[in-house]
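Participant: Sharing a model that was predicted from the sequence below.
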Amino acid sequence: MSLLNLTPRDYQKAIFKTTMGANTLVVLPTGLGKTLIALMLVVERQKAFPGSKALFLAPTRPLVEQHLNYFKKNLPELFATLEIFTGSVDAEKRRKLFQRADIIFSTPQCIANDLKSCLYSLDEVSLIIIDEAHRCLKNYSYTYVVNKYKEQAKNQRILGLTASPGSDSEIVREICRHLDIKEIELRTRDSADVAPYLQNLDFTKTEVDFPKEFLEIKVLLQRIFDGCVDKLRSRNLLFGVANKIILLKLQGNLFSRMQQKDFNALIGVSLTAQAIKISHALELLETQTLSGLSEYLNSLIKQAEEKKSKAVVNLVNSGEFKAALLSLKRLQERGIEHPKINALYELINSELKENKNAKFIVFTQFRETASTISLNLSRMENARPSVFVGQAKKTNSSGSKTSGLNQKEQKEIIEKFKSGDVNILIATSIGEEGLDIPEVSAVIFYEPIPSAIRKIQRAGRTARLAPGKLFILITKDTRDVAHHYASAARERKMHRTIGQIKDELKTQNKTKTLDYFRS
């Protein structure tokens, strides 16, 4: 059977051949056709096991719908019955839909809930596809569904899809164990069989100076942070380096000790909370916007007024905090903002003058930063920016709830981006994972991120069908620099880790084959 409108590339054919013979983890950058490989394998399994089912799982409803639409577009009309599962559909109806469907598209949570309620069994499922497979860890619903599949299915095949499983070898091994992976197929932009299909990606690191005017605030905030850390060390609660991740882990440990009425731990929790809050303030100052920092510091004052915690009361009453806030207000009264904002404006303005039809995705960590960027860019001629964030309600820096965008609003923005009504998408992490966002002329990181997974996902939005550009904004002498080099190092480590685990899997497979023949 030939697929409609599709001709697989050589690397897709090679990867597909592997997936036919064994449970496979496919590691392929965003936009290079993981879904086509899944489609080809679905067709193959349906042929091999007539009457069986395929289950395609993705972590969000928009991704599930995207995969369903791709299959509808590219499968012959009468090849299979396709169904989408959501929690809004009545349970009894889902039971009936499952019985009649050939290919089911769903979030893992929905299937996990159905299996717990014994609505149906996975015994007739001959293929399960796990999109964004790097999430198949610990107690996530993916893990539950896959374990049930391994218990129930008669003719098993598992396909994991991801842009990156990360660089931690133990985490990659855990993913492989959960999915019972026997083969790993890794490709990068530079792989010999991939490179001919891609366009040139021009990378530019845009550095800005950390303003001298910001130094007074930084020194004051750092003094509070160092004071908290020194007290934690003097109480033998903290050893070694102190960063946000270490402090969050320490906080969790101290909370458990508080249950045993440990007075030292009680004081430690307060000190750790203050250090974490100031660490976040320093991050906003160094890498984000002054408006975001102002909102955050004022939210702490509001929390103190409401007596939310002793930690926040102690924090905002400190002389250093009050002095930092005063210095910040003076800068804002002078109209000063983080230099990245102006650098981003100049960068996009220059690109639009060169190509008025250019499209951009600007990635940033925080919603407040996205809003500030959008407001700034909206003043530019030919710029039509739109903020693109997730659904979740979040507490912003001012302490109030932000509602985010529902799925309908997200779709509308993507359609406007496709049509050109919007030409600059300012996205938080929602724009990183597999959503069907059209290719762009340039991807811009407002800040570097230390995660190899997220860096690969972000960069994959350009230079597929046409030459593209990647810009990363970095504030000199700040955590931006460390994060930039950390992500590059972790990406290299990821390649080494996958190579090592591929070799381990080959050795295990050979050993099992020899044991089989010996027995």
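Facilitator: Received, thanks. In this text the structure is predicted, and so the values were computed from the model without any measurement. Numbers count the residues shown, from 1 in each chain.
Participant: quick one: low-confidence ranges for the chain?
Facilitator: Across the chain, the ranges flagged by pLDDT under 70 are 1-4, 393-403, 433-435, 463-465, 510-519.
Participant: can we see that at 80?
Facilitator: 1-5, 77-78, 87-88, 139, 258-261, 391-403, 431-439, 457, 460-466, 509-519 (pLDDT under 80).
Participant: okay, now the domains of it?
Facilitator: Domain ranges of the chain: 10-196, 199-209+338-494, 212-333, per automatic domain parsing.
Participant: now those as TSV including distance to N509?
Facilitator: Placement of C-beta: from N, CA and C, glycine included. Formatted as TSV, the domains of the chain follow (distance: least, Cβ to Cβ, whole Å):
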stretch	distance to N509
domain 10-196	6
domain 199-209+338-494	22
domain 212-333	36
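Participant: out of those domains, nearest to E504?
Facilitator: Comparing the domains of the chain against E504 with Cβ to Cβ, the closest turns out to be domain 10-196 (8.0 Å).
Participant: Tell me the gap between that closest one and the middle of its chain.
Facilitator: The chain centre lies 19 Å from the centre of domain 10-196; the measure is Cα atoms, centre = their mean, to the nearest Å.
Participant: who wins for proximity to K502 among the domains of the chain?
Facilitator: With Cβ to Cβ, the closest approach to K502 among the domains of the chain belongs to domain 10-196: 4.8 Å.
Participant: follow-up on the earlier one: let me know which of the domains of the chain is the nearest to I501.
Facilitator: domain 10-196 (5.6 Å).
Participant: Any idea how far apart the tips of the closest one sit?
Facilitator: 10 Å (Cα to Cα, to the nearest Å).
Participant: Next up, the contacts around F214.
Facilitator: F214 makes contact with 285, 331 under the criterion Cβ atoms under 8 Å, 6 or more residues apart in numbering.
Participant: Mind exporting the C-alpha coordinates of whichever strand or helix holds it to PDB?
Facilitator: Counting by DSSP states H and E, the element that carries F214 is helix 212-234. Output of helix 212-234 as PDB, limited to C-alpha atoms (Å, rounded to 0.1, in the frame of the first residue of the first chain):
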ATOM      1  CA  LYS A 212      26.800  49.100  35.400                       C
ATOM      2  CA  GLU A 213      23.600  50.700  36.600                       C
ATOM      3  CA  PHE A 214      22.400  47.200  37.500                       C
ATOM      4  CA  LEU A 215      25.400  46.400  39.700                       C
ATOM      5  CA  GLU A 216      24.100  48.100  42.800                       C
ATOM      6  CA  ILE A 217      21.000  45.900  42.800                       C
ATOM      7  CA  LYS A 218      23.000  42.800  42.100                       C
ATOM      8  CA  VAL A 219      25.400  43.500  45.000                       C
ATOM      9  CA  LEU A 220      22.500  44.100  47.400                       C
ATOM     10  CA  LEU A 221      20.600  41.000  46.400                       C
ATOM     11  CA  GLN A 222      23.800  38.800  46.400                       C
ATOM     12  CA  ARG A 223      24.500  40.000  49.900                       C
ATOM     13  CA  ILE A 224      21.100  38.700  51.100                       C
ATOM     14  CA  PHE A 225      21.700  35.400  49.200                       C
ATOM     15  CA  ASP A 226      25.200  34.900  50.600                       C
ATOM     16  CA  GLY A 227      24.000  35.700  54.100                       C
ATOM     17  CA  CYS A 228      21.300  33.000  54.000                       C
ATOM     18  CA  VAL A 229      23.800  30.500  52.500                       C
ATOM     19  CA  ASP A 230      26.400  31.200  55.200                       C
ATOM     20  CA  LYS A 231      23.800  30.600  57.900                       C
ATOM     21  CA  LEU A 232      22.800  27.400  56.400                       C
ATOM     22  CA  ARG A 233      26.400  26.200  56.200                       C
ATOM     23  CA  SER A 234      27.100  27.300  59.800                       C
END
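Participant: Which of the residues in that helix are classified as buried?
Facilitator: Residues of helix 212-234 classed as buried under the neighbour-count rule (16 or more other Cβ atoms under 10 Å) are 214, 216-218, 220-225, 227-229, 231-232.
Participant: List the first helix or strand encountered after it toward the C-terminus.
Facilitator: Note on helix 212-234: by DSSP H and E, the next helix or strand toward the C-terminus is helix 244-258.
Participant: tell me which residues of that next one are tucked away?
Facilitator: Using 16+ other Cβ under 10 Å as the test for burial, helix 244-258 gives 246-247, 250-251, 254, 257.
Participant: now the very next helix or strand once past that helix, how far from the centre of its chain.
Facilitator: Sequence order places helix 263-287 as the next helix or strand after helix 244-258, per DSSP H and E. How far helix 263-287 lies from its chain's middle: 25 Å, per Cα atoms, centre = their mean.
Participant: please begin residue numbering at 813 from this point
Facilitator: With the count now opening at 813, the last piece we talked about shows up as helix 1075-1099.
Participant: Show me what the helix or strand harbouring V855 is packed against.
Facilitator: Using DSSP H and E, V855 falls within helix 846-860. Packing contacts for helix 846-860, counted by 3 or more Cβ pairs under 8 Å, 6 or more residues apart in numbering; DSSP states H and E, involve helix 822-833, strand 865-869, helix 873-886, strand 937-943, strand 970-974.
Participant: As TSV, those with distance to D1002 and mean neighbour count would be great.
Facilitator: As requested, the helices and strands packed on helix 846-860 are exported to TSV (distance: least, Cβ to Cβ, whole Å; neighbours: other Cβ atoms under 10 Å):
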stretch	distance to D1002	mean neighbour count
helix 822-833	12	17
strand 865-869	29	27
helix 873-886	26	18
strand 937-943	24	26
strand 970-974	18	26
